[in-house]
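Engineer: With the sequence up front, the predicted model follows.
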Amino acid sequence: MITARDGESLALRHWAAAGEARASLLIIPGLGEHGGRYGRAAGLFAASGLDTWTLDLRGFGASGGRRAYVERLEVWLDDVADRLTALQALGRPVVLLGHSMGGLVVARYAETDRAQPDLLVLSAPALAGNIPAWKQALARVFGRLAPTIAVKNGLDGSILSRDPAVGADYVADPLNVHSTTARLGAVLLEAQAPTIADLGRIHVPTLVVHGGADHLVPTASSAVFSGRPGIERRVFPGLAHETFNEPEGPQVVGEVATWIVEHLPLA
C-alpha cells in the first residue's frame with residue numbers, strides 16, 4: 001500500500017523484471033476491477049525485462065475510498081501522476097498502460113500538462129461503450145443530484161474473454177466492484193468527448209490494442225486513433241474485450257512488450 005497526497009491509501013502490486021530492468025511499466029485497470037487480475041500479463045511483461053506495477057484506482061480493488069466513486073477525474077489523474085513521478089525517480093524509462101476505463105483515464109492523462117511517460121499503451125480504451133441510454137441519462141442527472149447512488153453494472157462476464165474461466169473468476173472475485181455510482185458514471189461520460197477532441201495533445205509514442213470482437217467497448221470506437229502521428233493501432237481479429245486474458249493473451253502481451261522495447265528511448 002502507498003499513501004496518496006491527500007492521505008488516501010492506494011494498492012500497488014509489483015512484478016520484478018527478469019534481469020536488469022529495461023523500463024518500468026505502470027498498469028491502470030478498468031472499471032470495477034483491480035491490478036491483481038493482471039497477474040499473467042504482468043508476469044509476462046516482467047519476463048521481457050519490464051519492471052511491472054499495477055495501481056488500483058481509489059474506489060476499486062484494495063485501494064481506499066468510497067466504492068466506484070470519484071468526485072473529479074483530476075483526482076485519479078493526480079494519483080497516476082504521483083506514481084509515475086515516483087517511478088521516473090528510479091532513473092528508467094516509464095511506460096503507462098491503461099485498459100478499458102483505465103485506457104480512458106490514461107489517454108486523458110497524456111493530454112494534460114502533468115509529468116508524461118516515455119511510452120503509452122491503450123488497451124480497448126473506453127472512449128465509448130455499450131451503455132444503455134437510460135443509464136447514461138441517469139448518471140448525468142443523478143451525478144449532480146444524488147452522486148452516491150449506485151447502479152448495478154450488469155456485466156456479463158462471458159464477454160470479457162472467450163475463456164469461460166475469466167468471466168467466472170471476474171464475477172466471483174470479492175475485490176471486484178459490480179456497481180457504479182452516478183457520480184463516477186457522469187465523470188466518465190463527460191470525459192469521453194474531450195478526450196477524443198484533444199487526442200492531438202498526445203505527444204508520446206502510443207500503441208492502441210483492441211479485440212476485433214469486443215462487445216463491451218466497440219472496436220470501431222478506437223479507430224479515432226488511426227492515422228495520427230506517433231500512434232499505432234492494432235486490432236486482433238476475433239478477440240474479446242480483455243485481449244490479455246484471451247487464450248491468445250500471451251501472444252498479445254508479447255507483441256506489446258516487443259513494441260515497447262523497440263520504442264524505448266536510447267540511453
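Structural biologist: Nice, I can see it.
Engineer: Could you use CA atoms for every contact and neighbour count after this?
Structural biologist: OK.
Engineer: Low-confidence ranges, the stretch 151-267 of the chain, go.
Structural biologist: Counting by pLDDT under 70, the stretch 151-267 of the chain contains low-confidence residues at 267.
Engineer: 80 - rerun?
Structural biologist: 151-152, 154, 266-267 (pLDDT under 80).
Engineer: Tell me where it has helices.
Structural biologist: 164-172, 182-197, 249-263 (DSSP state H, counting those that start in this stretch).
Engineer: For Ser48, which of those helices is the nearest?
Structural biologist: Among the helices of the stretch 151-267 of the chain, the nearest to Ser48 by C-alpha to C-alpha is helix 249-263 (6.8 Å).
Engineer: CA atoms only for the closest one, dumped as CSV, please.
Structural biologist: Extracted in CSV, the C-alpha atoms of helix 249-263 (Å, rounded to 0.1, in the frame of the first residue of the first chain):
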residue,chain,number,x,y,z
GLY,A,249,-3.2,-13.4,-24.5
PRO,A,250,0.5,-14.4,-24.2
GLN,A,251,0.9,-13.6,-27.9
VAL,A,252,-0.8,-10.2,-27.5
VAL,A,253,1.3,-9.4,-24.5
GLY,A,254,4.4,-10.5,-26.4
GLU,A,255,3.5,-8.1,-29.3
VAL,A,256,3.0,-5.2,-26.8
ALA,A,257,6.3,-6.0,-25.0
THR,A,258,8.2,-6.1,-28.3
TRP,A,259,6.7,-2.8,-29.3
ILE,A,260,7.7,-1.2,-26.0
VAL,A,261,11.3,-2.5,-26.2
GLU,A,262,11.6,-1.3,-29.8
HIS,A,263,10.3,2.2,-28.9
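Engineer: which of the residues in it are buried?
Structural biologist: Burial within helix 249-263, assessed by neighbour count using 16 or more other C-alpha atoms under 10 Å, is assigned to Gly249, Pro250, Val252, Val253, Gly254, Val256, Ala257, Trp259, Ile260.
Engineer: In terms of secondary structure, what does that helix contact?
Structural biologist: Helices and strands touching helix 249-263, by 3 or more C-alpha pairs under 8 Å, 6 or more residues apart in numbering; DSSP states H and E, are helix 39-47.
Engineer: For the helix it packs on, C-alpha coordinates in PDB please.
Structural biologist: Provided in PDB are the C-alpha atoms of helix 39-47 (Å, rounded to 0.1, in the frame of the first residue of the first chain):
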ATOM      1  CA  GLY A  39      -1.100 -11.400 -12.900                       C
ATOM      2  CA  ARG A  40      -0.500 -13.400 -16.100                       C
ATOM      3  CA  ALA A  41       0.100 -10.400 -18.300                       C
ATOM      4  CA  ALA A  42       2.300  -8.700 -15.600                       C
ATOM      5  CA  GLY A  43       4.400 -11.800 -15.200                       C
ATOM      6  CA  LEU A  44       5.000 -12.000 -19.000                       C
ATOM      7  CA  PHE A  45       5.900  -8.300 -19.200                       C
ATOM      8  CA  ALA A  46       8.300  -8.800 -16.300                       C
ATOM      9  CA  ALA A  47       9.900 -11.800 -18.000                       C
END
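Engineer: Perfect, I'm done here.
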